[in-house]
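Participant: no sequence on this one, just coordinates:
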């Protein structure tokens, strides 16, 4: 019985497998049964790749020939494609229906931009290496594994750089743009060959896996054990994967990478030109970035505002509506998942605590209605994730004046002195925190020279 060289599933039911002697098998019931598809070639198929349920390629060959076949009807029929003569092709990968690469023995790399009708050789710089596997993130960034290590390109394969891993790389898997794995064996302890039926014989070994967490810029060896040779890998997520290899080896990979710690001390400060500046403490060293959420108004739903990179500790939200209250919350994320949310932070656009120098000097004294009104004591505000119980009071001075701004309860008892000093002409804002106040009606009064005005505000528990 011929060995299965590669297998590929387009969905839970439809999949294909390839073998030596030109055999391709297809299942439409999740592998419960398989049907052999005639290809018209006795050549061995060593690898295959599909971009959808209809379009795919199978590659292979032997010590003196190479083959590429294509299907456009889900594997029911296969057509040979032209490729320069040479030794076997070991893997194939397409990023879409037109652009793909295939790699093989003696450093062979070929690229197509017309679905395989034409293949152009690329210079790997590794003329004596077996190139075993190929993977591309996009049209520019790709990787090739082989008998000595890894090749990487950032220009679609026009140029390649080599990383010596002191190991034979047989398969590459990326779980997300940053996290990937390579599997194989120790180069100095193995032998490999293809027999006349297209069966890959392997000997020796000493399994190896390598991991990248920075998109392939660097690779770290993560496994050194045993005498088997890992040939293929499959991962369900960053935390769990399986490798298969020589002598019937099946190995499982697990990594207890924790979720990132949640950010803390999120603060929101209104700044000039209707913007709000956010700052927070980054408490994790393993995050891939942050999700920042925003809610406009008291009852607005939180929606994702932006995604920020790792190690970010500030963000400025711009082009906001003057007088509108905005709430924010933040979470860190990595390949495993999302952290807990931070406590909420709150600010009102345009209500800047210091003098707004970019505005014209007011023409008259004025005391504005506080915003938001009503606002909340600490108990009620915790329903929004522990957010601020803060309202803002804005007042205008047409000229410098001694300012007194105080808060009173309904019995006339003084609750808080917010301002008691001389202020320059301009528009001023001051926050008032209702933490610990009983719910009810309160008054705030402004004295500025001869000007006196009082307004009501409501605290809700």
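Facilitator: Great, that's in hand. Note that the structure is predicted; figures quoted are calculated from it, not measured.

Participant: Which stretches in this protein count as helices?
Facilitator: Taking DSSP state H to define them, one finds helices in the chain at 378-381.

Participant: care to break it down by domain?
Facilitator: Listed by automatic domain parsing, the domain ranges of the chain are 4-254, 264-348, 366-460.

Participant: Make CSV from the ones you listed and add mean pLDDT and mean neighbour count to it.
Facilitator: No exception for glycine: its C-beta is placed from N, CA and C like everyone else's. Shown next, in CSV, are the domains of the chain (pLDDT from 0 to 100; neighbours: other CB atoms under 10 Å):
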stretch, mean pLDDT, mean neighbour count
domain 4-254, 81, 18
domain 264-348, 88, 17
domain 366-460, 84, 17
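
Participant: from the chain's centre, how far out does stretch 144-155 sit?
Facilitator: Relative to the mean C-alpha coordinate of its chain, stretch 144-155 is positioned 23 Å out (CA atoms, centre = their mean, to the nearest Å).

Participant: And that stretch, end to end?
Facilitator: Between the start and the finish of stretch 144-155 there is a gap of 14 Å, counting by CA to CA, to the nearest Å.

Participant: now residue 133, which residues is it bridged with?
Facilitator: Listed by DSSP bridges, the beta-bridge partners for residue 133 are residue 145.

Participant: Actually, residue 235.
Facilitator: Applying DSSP bridges to residue 235 yields these beta-bridge partners: residue 241.

Participant: Also residue 172?
Facilitator: Bridge pairing for residue 172 - DSSP bridges - gives residue 182.

Participant: Now do the contacts for it.
Facilitator: Applying CB atoms under 8 Å, 6 or more residues apart in numbering, one finds that residue 172 lies in contact with 133-135, 143, 145, 180-182.

Participant: again, only this time at 7 Å
Facilitator: By CB atoms under 7 Å, 6 or more residues apart in numbering, the residues touching residue 172 are 133, 135, 143, 145, 180, 182.

Participant: distance of it from residue 137?
Facilitator: Separation of residue 172 from residue 137 (CB to CB, to the nearest Å) stands at 11 Å.

Participant: Mind picking the two most distant members of the contacts of residue 172?
Facilitator: By the measure CB to CB, these have their two most distant members at 133 and 180, which lie 11.7 Å apart.

Participant: list the contacts for residue 449?
Facilitator: With contacts taken as CB under 7 Å, 6+ apart, residue 449 has the following neighbours: 401-402.

Participant: could you redo the last one with a cut-off of 6 Å?
Facilitator: residue 401 (CB atoms under 6 Å, 6 or more residues apart in numbering).

Participant: next one: stretch 155-174 to chain centre, how far?
Facilitator: From the chain centre to the centre of stretch 155-174 is a distance of 22 Å (CA atoms, centre = their mean).

Participant: Ok, stretch 32-42 next?
Facilitator: Stretch 32-42 sits 39 Å away from the centroid of its parent chain (CA atoms, centre = their mean).

Participant: ok, residues contacting it?
Facilitator: 21-22, 24-27, 75, 78.

Participant: Quick check: end-to-end length of it?
Facilitator: Using CA to CA, the span of stretch 32-42 from its first residue to its last is 26 Å.

Participant: Measure how far stretch 365-373 is from the centre of its chain, please.
Facilitator: 43 Å.

Participant: Can you tell me what sits against it?
Facilitator: Contacts for stretch 365-373 (CB under 6 Å, 6+ apart): 298, 323, 325, 348, 391-396, 446, 448, 451, 453, 455, 457.

Participant: How far does that stretch stretch from one end to the other?
Facilitator: In stretch 365-373, first residue to last residue: 22 Å (CA to CA).

Participant: and the gap between the closest residue in space to residue 54 that isn't next to it in sequence and residue 455?
Facilitator: The spatial neighbour of residue 54 that comes closest, neighbours along the chain excluded (CB to CB, 6 or more residues apart in numbering), is residue 74 at 5.1 Å. Residue 74 is 73 Å from residue 455, where distance means CB to CB.

Participant: do residue 313 as well
Facilitator: Using CB to CB, we find residue 313 at a distance of 37 Å from residue 455.

Participant: Equivalent analysis for residue 156, please.
Facilitator: With distances defined as CB to CB, the gap from residue 156 to residue 455 amounts to 66 Å.

Participant: any residues touching stretch 9-26, and which ones?
Facilitator: By CB under 6 Å, 6+ apart, the surrounding residues in contact with stretch 9-26 are 2, 4-8, 27-30, 34-37, 39, 41-45, 48, 50, 53, 58, 75, 197-199.

Participant: Tell me where the stretch 201-350 of the chain has strands.
Facilitator: Using DSSP state E, counting those that start in this stretch, the strands of the stretch 201-350 of the chain run over 207-212, 220-225, 230-237, 240-245, 250-254, 264-271, 275-281, 289-296, 303-309, 314-317, 325-333, 345-348.

Participant: No further questions, thank you.
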